[in-house]
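Peer 1: I need the structure of the sequence given here:
(4 chains)
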Number of protein chains: 2
Amino acid sequence: MINEIKTIARRHLAAEGANLSLRAVARDMGMVSSAIYRYFPSRDELLTALILDGYQVLGDAAEAADAEVTDRTDLRGRWLAVCRAVRRWALAHPAEYALLFGSPVPGYAAPQETTVAASRTPTTLIRILLDGFTTGVLADPGPDELPGPVHADLATVRDHLFAGLPETLLARGSIGWIHCFGAVSFELFGQLDGLITARDEYFDHQMRRMADLIGLP
Amino acid sequence: MINEIKTIARRHLAAEGANLSLRAVARDMGMVSSAIYRYFPSRDELLTALILDGYQVLGDAAEAADAEVTDRTDLRGRWLAVCRAVRRWALAHPAEYALLFGSPVPGYAAPQETTVAASRTPTTLIRILLDGFTTGVLADPGPDELPGPVHADLATVRDHLFAGLPETLLARGSIGWIHCFGAVSFELFGQLDGLITARDEYFDHQMRRMADLIGLP
DNA sequence: CTTCGTCAAGAGCAGTGCTCTCGAATGTGT
DNA sequence: ACACATTCGAGAGCACTGCTCTTGACGAAG
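Peer 2: Numbers count the residues shown, from 1 in each chain, chains lettered A, B, ... in the order given. The predicted structure follows:
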């Protein structure tokens, strides 16, 4: 039942865009709107559930894309594969992507759970670097003039999730992830319209430049 | 009159978030909602007006930040100044930033005018590179393995707006702009929550790395 | 003094999230 | 088999939204 609601809600999201209507979902289920409230205490809760699912599905796609690269030492190939998977999912589910990564819905404060669910995809990316470093494929590039406070922030993240990873690699990897997010959002939110037509190639080019910046062989 | 509506609408936008209510604006003006329709044929038109204004104000801020750097040969300083100005404006006007660069409002198709208004800020950035190149401060870094179709897209943009600029510089500058957008959006849309606390420094660090990637001295 | 255009008000339509109450169905325990 | 409890969905209703249409007041031209 809950799953049926979510499925129909996702369909509405894809069709209509961000403003999901509980009543419309209920109508599609042959129910009356108040019946939905048996299963979700509010519209925001339904959105939260969709967001959590979205992060999960995206994380799965990212991990699958990484796993598909047979040569595990091909860090650049793995990095590009994950980035492409993120973009592919975003293009296939623009409304859901906007829900996850777009402007926050006014009045809706994302619960703590969403922020941890959100970390799966970037974790997949950074883990590629950790993988490369522990297997010796990727060397510690040495210090990168990180400002002190940033150093502290990154150290915390590193100790939490990527024990042993040189901070410089974490910093560069984060930039790479942020740029992946930025490039996808830029395209999806219409900022590329009228400027770039070869979008696949443009995205790949950007991600390659990021791989260069990270220092991926 | 039109200006008063826009001013109050902006205030509501800042206070409530993206879902701007015409009736609330009218109420604040001591008018009835239908009176607004004398001045704006629809809510979307009002949003469009706000968007156009926003791009204009942001463009002004970017140009002013660039102009404030007295040493015109300090390309890196100029680049950072503009990026910081963009972020500063975004943090000061999050709802407006979301309107310009966030997820598109469902059912609302941005008119052509907005896309040209949007180009002012990136134009300011890229013009720094053009400036540096024409004055000899910045050398042509040579080809950057641009895919063919991207090459064609960028050539069109270059011939339109930045005559004489080497394509490689345009490509790198675009990446820099996209990353500026990405970093600001990432922070503003809550993706940094719980991870990075030193946000000023982190942003600056990213922009410096981008300046490195572009090759700014 | 009349006409004309501008302006705002008001009613009304269809839609929204959400709350509440009330019946019907579906078990479950004795 | 009966009584009880719980679950479910329907329906009405509240306050809100964007938007349309009609009506009436006001002031400036002719």
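Peer 1: How is A:L20 assigned, secondary-structure-wise?
Peer 2: State at A:L20, reduced to three classes by DSSP: H, G, I helix; E, B strand; the rest coil: coil.
Peer 1: so it touches A:R43, yeah?
Peer 2: Yes. Between A:L20 and A:R43 there is a contact at 7.1 Å, judged by Cβ atoms under 8 Å. In short, each C-beta sits where N, CA and C put it, glycine included.
Peer 1: Please say which of those two ends up with more neighbours.
Peer 2: Neighbour count, other Cβ atoms under 10 Å in any protein chain shown: between A:L20 and A:R43, A:L20 has more, with 20 against 17.
Peer 1: got the contact list for that one?
Peer 2: A:A9, A:H12, A:L13, A:R43, A:L46, A:L47 (Cβ atoms under 8 Å, 6 or more residues apart in numbering or on different chains).
Peer 1: buried residues in stretch A:141-156?
Peer 2: Under the neighbour-count criterion of 16 or more other Cβ atoms under 10 Å in any protein chain shown, stretch A:141-156 has A:D144, A:L146, A:V150, A:H151, A:D153, A:L154 buried.
Peer 1: Averaged pLDDT, that stretch. What do you get?
Peer 2: Stretch A:141-156 shows a mean pLDDT of 92.
Peer 1: DNA strand D contacts on chain A?
Peer 2: A:M1, A:G30, A:M31, A:V32, A:S33, A:S34, A:A35, A:R38, A:Y39 (Cβ under 7 Å from any atom of the strand).
Peer 1: filter these by proximity to DNA strand C?
Peer 2: Within the residues of chain A next to DNA strand D, those near DNA strand C by Cβ under 7 Å from any atom of the strand are A:S33, A:S34.
Peer 1: Now flag whichever of the residues of chain A next to DNA strand D is closest to A:A90.
Peer 2: A:Y39 (28.1 Å; Cβ to Cβ).
Peer 1: what about chain A, any weak spots by pLDDT?
Peer 2: A:106-109 (pLDDT under 70).
Peer 1: For it, which segments count as helices?
Peer 2: Using DSSP state H, the helices of chain A run over A:2-16, A:22-28, A:33-36, A:43-68, A:75-92, A:94-101, A:112-118, A:120-134, A:148-161, A:167-188, A:199-214.
Peer 1: how near is the most centrally placed residue in chain A to A:D60?
Peer 2: Geometric centre of chain A, nearest residue: A:T121, 5.2 Å, by Cα atoms, centre = their mean. A:T121 sits 10 Å away from A:D60, going by Cβ to Cβ, to the nearest Å.
Peer 1: again, but for A:D140
Peer 2: 31 Å.
Peer 1: repeat for A:A155
Peer 2: Distance, A:A155 to A:D60, by Cβ to Cβ: 29 Å.
Peer 1: And A:F181, by the same measure?
Peer 2: 18 Å.
Peer 1: quick one on the thing from earlier: comparing A:D140 and A:D60, which shows the higher neighbour count?
Peer 2: A side-by-side neighbour count of A:D140 and A:D60, using other Cβ under 10 Å, places A:D60 first with 15 against 12.
Peer 1: residue contacts, the closest residue to A:P166 other than its chain neighbours?
Peer 2: With sequence-adjacent residues excluded and distances taken as Cβ to Cβ, 6 or more residues apart in numbering or on different chains, A:P166 is closest to A:D140, at 4.2 Å. Each residue near A:D140 by Cβ under 8 Å, 6+ apart is listed here: A:F133, A:P166, A:T168, A:L169.
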